[in-house]
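Engineer: Structure for the following, please:
(2 chains)
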2 protein chains.
Amino acid sequence: MSRRFIAAAAQLGPIGRDEPRASVVTRMIALVDEGRRRGVRFMVFPELALTTFFPRWFIADPAELDRFYERSMPNPDVAPLFEAARAAGIGFHLGYAELDGTTRYNTAIIVDEAGTIVSKYRKIHLPGHREHEPERPFQHLEKRYFERGDLGFVVADAFGGKVGTLICNDRRWPEAFRSLGLQGVELVAAGYNTPRHYPLAPEHDRLQDFHNHLSLQAGAYQNGTYVIGTAKAGVEEGCELIGGSCIVAPTGEIVSVAQTLGDELVTAEVDLDRCREIKANIFNFALHREPDTYGLLTAPKRA
Amino acid sequence: MSRRFIAAAAQLGPIGRDEPRASVVTRMIALVDEGRRRGVRFMVFPELALTTFFPRWFIADPAELDRFYERSMPNPDVAPLFEAARAAGIGFHLGYAELDGTTRYNTAIIVDEAGTIVSKYRKIHLPGHREHEPERPFQHLEKRYFERGDLGFVVADAFGGKVGTLICNDRRWPEAFRSLGLQGVELVAAGYNTPRHYPLAPEHDRLQDFHNHLSLQAGAYQNGTYVIGTAKAGVEEGCELIGGSCIVAPTGEIVSVAQTLGDELVTAEVDLDRCREIKANIFNFALHREPDTYGLLTAPKRA
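Structural biologist: From the prediction side, this is the model:
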């Protein structure tokens, strides 16, 4: 299988609190259609792509909360996306809220060109807070609505290479990127919902786009991997989410970037063999890492 | 002691193979004088600041090699720098080749305003190769001429805060930055000698400045620390070294940057209290790191 192909960040604009999944899936299928026209083989949808970013609200009613989660995948609401992508010969990455029995995760899967789910990852670095903080203009209750992922950092064989997943806040943590890099990752899918406004340090609001790209570019370069970062973007239920969806080469260079805050397909050719330029040289882990000096990195946390 | 002061990257231009230390020290004292005029409290000289970057040559004669190393610090050649800095009330970071008995290290020290050595670090991530590779236009024999540092990653109390050291290639490794971050570092001194031309992947020569800044900026942001990156720059014995000496804020922003490839003082005000904007929030390690999931990072190397 060729390791050189067209890949895409499939950015989504805002999703309303009451927008049905059928509507969102229709928008995603429009991006699949556009991908087919551009010869795309793999496209990355955002984190929690099927609904609004519901952790912005404190939701006391369990039934109201439950309706944002998927109990199986694909389920009837999402099946048309699987079918359209399979018919187009396009694989995809999809983030969604998962209800597994009674346990909740912030999850993403990778689906190959044949429509088979080849990997599943549950977000490890959950940002935000656990309790309702009514003084905030909006909440960020991921620590309340999700358990920490229990599947480790996941790299799968797909699209002729090694494909890994990070979800939103994971991408800021070099430990997460490196955990994929040490498994030989060549393409990282990273979906995100990133509010422009950060209530804890609003003086950094102006830096959100910069910090997003800095994290993705450093992770790409320091691990010699392509990265596809995909936003849910735009003003969603009064909350501005950054865009900036992009494709980053293993050199850390942004080679394609979104031009809007709406539904938009961002494409670039990727050549997974180019990862070797970095992996075999400046970041040749076997030659140059010094893991026996890194003990602090895995020491238990201090409060 | 105030945690807000003027800091500087004290960039050096090329040093000739036969340039005596007295000449280099005179150049450094000129930068100390300039620092005094600008109210500097702490300045960072480059890696291996007292001599030419000698790992570019295969040197078979031990006596010829030995002359690039310091056997004590301060020694008579370097004492005038210590004295000038102390008289000016300026602390400094100095990189040099160290001969400790029969063992060789790539070392850097931090000297406080009173002229006292408050920390010593020996480079852990030695780049390059061990054997003579005559097909290269120049060598990079750090793995031959230095042992791996045996002092761990070092953070010292100085200048009212927590000051750490990385040396050249260390700065590219997020593990090294994080090892300082976990010790609460607020200012990282990072000197470097970085050739423009990288024989193993010459297609990346055009990216050397970008990769330098990307690594320094990501390390600053992801650990909430100031970083002062200082080059030995310019065409040294026919080998072009990048410049780009800079001061990076804890937000990852470059707030001051060199304008030349020669001896140049790059200054900015640093306010160590601003590290808290990052350390208490987005990279609050106690709240958001997940070290029990990072086991791969310290696993023994695979060949």
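
Engineer: And for A:Glu19, the neighbour number?
Structural biologist: A:Glu19 has 15 neighbours, counted by other CB atoms under 10 Å in any protein chain shown. Where C-beta positions appear, they are placed from N, C-alpha and C, glycine not excepted.

Engineer: OK, contacts around it?
Structural biologist: By CB atoms under 8 Å, 6 or more residues apart in numbering or on different chains, A:Glu19 lies in contact with A:Thr51, A:Thr52.

Engineer: Let me know the pLDDT of it.
Structural biologist: For A:Glu19, the pLDDT comes out at 98.

Engineer: repeat for A:Glu237
Structural biologist: Predicted confidence (pLDDT) for A:Glu237: 98.

Engineer: what residues are up against the closest residue to it other than its chain neighbours?
Structural biologist: Computed as CB to CB, 6 or more residues apart in numbering or on different chains, the closest residue to A:Glu237 that is not its neighbour in sequence is A:Arg17, at 5.6 Å. Contact analysis of A:Arg17 by CB under 8 Å, 6+ apart lists A:Thr52, A:Phe54, A:Glu237.

Engineer: gap between the residue nearest the centre of chain A and A:Ala233?
Structural biologist: Computing the C-alpha centroid of chain A and ranking residues by CA atoms, centre = their mean puts A:Gly191 first, at 2.0 Å. Separation of A:Gly191 from A:Ala233 (CB to CB, to the nearest Å): 11 Å.

Engineer: so who does A:Leu265 touch?
Structural biologist: By CB under 8 Å, 6+ apart, A:Leu265 lies in contact with A:Ala8, A:Ala9, A:Ala10, A:Gln11, A:Leu31, A:Glu34, A:Gly35, A:Arg38, A:Val40, A:Met43.

Engineer: mind checking pLDDT for A:Ala303?
Structural biologist: The per-residue pLDDT reported for A:Ala303 equals 54.

Engineer: One more: A:Gln139?
Structural biologist: For A:Gln139, pLDDT reads 97.

Engineer: re the thing from before, closest one of the contacts of A:Arg17 to chain B?
Structural biologist: For the contacts of A:Arg17, the residue nearest chain B by CB to the nearest CB is A:Phe54; the value is 20.6 Å.

Engineer: The closest one and A:Arg144, how far apart?
Structural biologist: Using CB to CB, A:Phe54 is found at 11 Å from A:Arg144.

Engineer: Looking at those two, which is more packed in?
Structural biologist: Between A:Phe54 and A:Arg144, A:Phe54 has the larger neighbour count (other CB under 10 Å), namely 21 against 18.

Engineer: doesn't A:Gln11 make contact with A:Ile228?
Structural biologist: No. Proximity of A:Ile228 to A:Gln11 does not meet the contact threshold set by CB atoms under 8 Å, at 10.6 Å.

Engineer: re earlier: how about JSON lines for the contacts of A:Leu265, with neighbour count, secondary structure and distance to chain B added?
Structural biologist: Formatted as JSON lines, those follow (neighbours: other CB atoms under 10 Å in any protein chain shown; DSSP: H, G, I helix; E, B strand; the rest coil; distance: CB to the nearest CB, whole Å):
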{"residue": "A:Ala8", "neighbour count": "30", "secondary structure": "strand", "distance to chain B": "24"}
{"residue": "A:Ala9", "neighbour count": "30", "secondary structure": "strand", "distance to chain B": "20"}
{"residue": "A:Ala10", "neighbour count": "30", "secondary structure": "strand", "distance to chain B": "26"}
{"residue": "A:Gln11", "neighbour count": "29", "secondary structure": "strand", "distance to chain B": "23"}
{"residue": "A:Leu31", "neighbour count": "25", "secondary structure": "helix", "distance to chain B": "30"}
{"residue": "A:Glu34", "neighbour count": "17", "secondary structure": "helix", "distance to chain B": "31"}
{"residue": "A:Gly35", "neighbour count": "25", "secondary structure": "helix", "distance to chain B": "29"}
{"residue": "A:Arg38", "neighbour count": "11", "secondary structure": "coil", "distance to chain B": "27"}
{"residue": "A:Val40", "neighbour count": "24", "secondary structure": "strand", "distance to chain B": "26"}
{"residue": "A:Met43", "neighbour count": "29", "secondary structure": "strand", "distance to chain B": "26"}
